[in-house]
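Trainee: based on what follows, work out the 3D shape:
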Amino acid sequence: MLVSVNPENPQPRQIDRIVETLRQGGIIVYPTDTIYGLGCDIFNHKGVKRIYQVKQRDPRKPFSFICADISDVASYCQVSNFAYKILKRHLPGPYTFVLDATRQVPGLLTTRQKTVGVRIPDNPIALAIVRELGHPLITTSANTAGDDPVNDPEEIEARFGKSIDMVVDGGILMGDSSTVISLVDDHIEVLREGSGDISWIEQP
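Mentor: Take a look at the predicted model:
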């Protein structure tokens, strides 16, 4: 099902419809400030397992998730003063930050080291969905393992078919994946270069 949403001013009626799908355990594809993401409520165990199946992803590789704001991040991650200053400066934005997880995070979403990746994308649709849902939203690129992400909503719907419940159409996106940066132990390490600029990081 393709649901069109205004990318600048998301219609509350459409957001309610999307969130109702998520609350019923559905999985959706939705726009971010980088590429389209595949997601569900992080507390819906069946939804998370379905995304692993759709992605054909190794279950030992946890997914990142989207939070509504930095105070929301602090509920799910250990945010030191050092990390807080970096998050405040660069979020919302095209970054995934890796931090130590709190006990609030479901086990499926943490690494063996008990870390987790979090995003606050600069996209009105994604933020409206997660705020209305009241929980973080899984975020992983809309593709199967080994394939390139697809950024045309109609092509996404054709590719995934009935394996997902809804494609949220926020227009065609032309971005790259987010830049992934670890802030564990107050040490900055770039794990993947993507859309987010890293010129602010002091290189050794």
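Trainee: and the residue nearest the centre of the chain?
Mentor: Closest residue to the average C-alpha location of the chain: residue 139 at 2.6 Å, with C-alpha atoms, centre = their mean.
Trainee: contacting residues for the closest residue in space to that residue that isn't next to it in sequence?
Mentor: Counting by C-beta to C-beta, 6 or more residues apart in numbering, residue 139 lies nearest to residue 37, which is 4.4 Å off, once chain neighbours are set aside. Backbone N, C-alpha and C define where each C-beta goes, glycine included. Residues in contact with residue 37 (C-beta atoms under 8 Å, 6 or more residues apart in numbering) are 29-31, 66, 126, 137-142.
Trainee: out of those, which are inside strands?
Mentor: 29-31, 66, 137-141 (DSSP state E).
Trainee: can you give me the strands in the protein?
Mentor: Going by DSSP E, the chain shows strands at 2-4, 28-31, 36-39, 64-66, 95-100, 115-119, 137-141, 166-169, 179-182, 189-192.
Trainee: next one: the residue nearest to residue 139 from residue 112, what distance?
Mentor: Residue 37 sits 24 Å away from residue 112, going by C-beta to C-beta, to the nearest Å.
Trainee: do residue 26 as well
Mentor: For residue 26 relative to residue 112 (C-beta to C-beta), the value is 29 Å.
Trainee: which one's more surrounded, the two?
Mentor: The residue with more neighbours, out of residue 26 and residue 112, is residue 26; 21 against 7, by other C-beta atoms under 10 Å.
Trainee: quick revisit: mind putting the ones in strands among the contacts of residue 37 in JSON lines, distance to residue 77 and pLDDT included?
Mentor: Output for the ones in strands among the contacts of residue 37, formatted as JSON lines (distance: C-beta to C-beta, whole Å; pLDDT from 0 to 100):
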{"residue": "29", "distance to residue 77": "25", "pLDDT": "97"}
{"residue": "30", "distance to residue 77": "22", "pLDDT": "97"}
{"residue": "31", "distance to residue 77": "24", "pLDDT": "97"}
{"residue": "66", "distance to residue 77": "13", "pLDDT": "97"}
{"residue": "137", "distance to residue 77": "15", "pLDDT": "96"}
{"residue": "138", "distance to residue 77": "15", "pLDDT": "94"}
{"residue": "139", "distance to residue 77": "15", "pLDDT": "94"}
{"residue": "140", "distance to residue 77": "18", "pLDDT": "94"}
{"residue": "141", "distance to residue 77": "21", "pLDDT": "92"}
